[in-house]
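**Q** fold the following, please.
(one chain, ligands or ions: 1)
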Amino acid sequence: MRCAVIVFPGSNCDVDCFHVWKDVLGQPTEYVFHKEKFSPEDFDFIILPGGFSYGDYLRAGAIARFSPAMESVYKAAEKGKLILGICNGFQILLEAGLLPGAMMKNRDLKFHCHDVYLKVGTTDSPFTNMYLPGEVVKMPIAHGEGNYYADAYTIERLKREERIVFYYSDEKGNITDKANPNGSLENIAGILNEERNVLGMMPHPERCAEEILGNTDGKRLFLSILEYLEGRVKIGKSRRS
Ligand SMILES: NC(=O)CC[C@H](N)C(=O)O
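**A** Residues are numbered from 1 along each chain as shown. Purely as a prediction, here's the structure:
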């Protein structure tokens, strides 16, 4: 299944994402420079990687969302292609309006770089079908602007439609303020769009997708995508009003 990793000026997780899809999962993978456009038919899956696109000037993701490649990302999203935004990629998806809400600076104004526990909020998605409902996993975070905010109506809707994919939790899965590294509303670490083909998440699954890294909890996210793209799982069993 063909994957594009979009490279913005300042991306720094592009190589890791490329490596996971290409070498760990053995799938065709290409870099697409942010100035290039492509057709929705060219790829099955698109990654907006982490980093500091345009130096995080203005707000993280605020400039990158105007890149020519983003026009192609919009079109691909509309056609139902899978889009995964990790960290800065999530910030870009928010700025682009492909996901609802906004990121603010972490509540303690510090850059957080450490492992976190995450409670899986839904397995009914192309990205999380290989996890168990309510499972607790561990992934690294590394960001200064991960404090997710949305208005009360949007939060209510995200919950009702089971679009909160990961919550920051403690090791036992309790969603507490202490386990919240950045002040995100409802401990939100990742969300889906309404159609469930776009996921934005602050933790880095590509940094925990191989034994050699001491943690493979992120690998199942990429395996879930492959399961879905190869037609072995269907989504839409459990949800939506
Ligand atoms: N790892 C990343 O993607 C860096 C995140 C980012 N631009 C921030 O500090 O908020």
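**Q** Arg107: what's it in contact with?
**A** By C-beta atoms under 8 Å, 6 or more residues apart in numbering, Arg107 lies in contact with Asn147, Asn182, Gly183. C-betas here are computed from N, CA, C, even on glycine.
**Q** name the element it belongs to?
**A** Arg107 is located outside every helix and strand, with elements delineated by DSSP states H and E.
**Q** and what of the one 10 residues further on?
**A** Counting by DSSP H and E, the element that carries Tyr117 is strand 112-120.
**Q** go on, Phe166?
**A** strand 164-169.
**Q** what's whichever helix or strand comes after that strand packed up against?
**A** Using DSSP H and E, the helix or strand that directly follows strand 164-169 along the chain is strand 188-192. Other elements packing on strand 188-192 under the criterion 3 or more C-beta pairs under 8 Å, 6 or more residues apart in numbering; DSSP states H and E are strand 112-120, strand 147-149, strand 164-169, strand 198-201.
**Q** need the pLDDT of Gly236.
**A** In this model, Gly236 is scored at 83, pLDDT.
**Q** run a quick neighbour tally on Leu213.
**A** Per other C-beta atoms under 10 Å, the neighbour tally for Leu213 reads 14.
**Q** which residues are in contact with it?
**A** Leu213 makes contact with Arg207 under the criterion C-beta under 8 Å, 6+ apart.
**Q** what's the local residue count around the nearest residue to Asp170 once chain neighbours are set aside?
**A** In space, Asp170 comes closest to Ala179 once its chain neighbours are excluded; the distance is 4.5 Å by C-beta to C-beta, 6 or more residues apart in numbering. When neighbours are counted by other C-beta under 10 Å, Ala179 registers 19.
**Q** send over stretch 208-216 as PDB, restricted to the C-alpha atoms.
**A** C-alpha atoms of stretch 208-216 as PDB (Å, rounded to 0.1, in the frame of the first residue of the first chain):
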ATOM      1  CA  CYS A 208       8.100   3.000  19.200                       C
ATOM      2  CA  ALA A 209       7.500   0.600  16.300                       C
ATOM      3  CA  GLU A 210      10.500  -1.800  16.600                       C
ATOM      4  CA  GLU A 211      12.000  -4.100  19.300                       C
ATOM      5  CA  ILE A 212      15.300  -2.300  19.000                       C
ATOM      6  CA  LEU A 213      13.600   0.900  20.400                       C
ATOM      7  CA  GLY A 214      12.400  -1.000  23.500                       C
ATOM      8  CA  ASN A 215       8.700  -0.500  22.700                       C
ATOM      9  CA  THR A 216       6.500  -1.700  19.900                       C
END
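**Q** next, count neighbours for Ile212.
**A** Counted with other C-beta under 10 Å, the neighbours of Ile212 add up to 6.
**Q** let me fix that, I meant to ask about Gly144.
**A** Look at Gly144: counted by other C-beta under 10 Å, it has 17 neighbours.
**Q** and it, how close does it get to Val7?
**A** Look at Gly144 and Val7: by C-beta to C-beta, to the nearest Å, they are 21 Å apart.
**Q** would you map the helices across the chain?
**A** 14-19, 68-78, 88-95, 152-160, 219-229 (DSSP state H).
**Q** deepest-packed of the ones you listed, please.
**A** Mean neighbour count, computed with mean count of other C-beta atoms under 10 Å, is highest for helix 88-95 among the helices of the chain, reaching a mean of 28.
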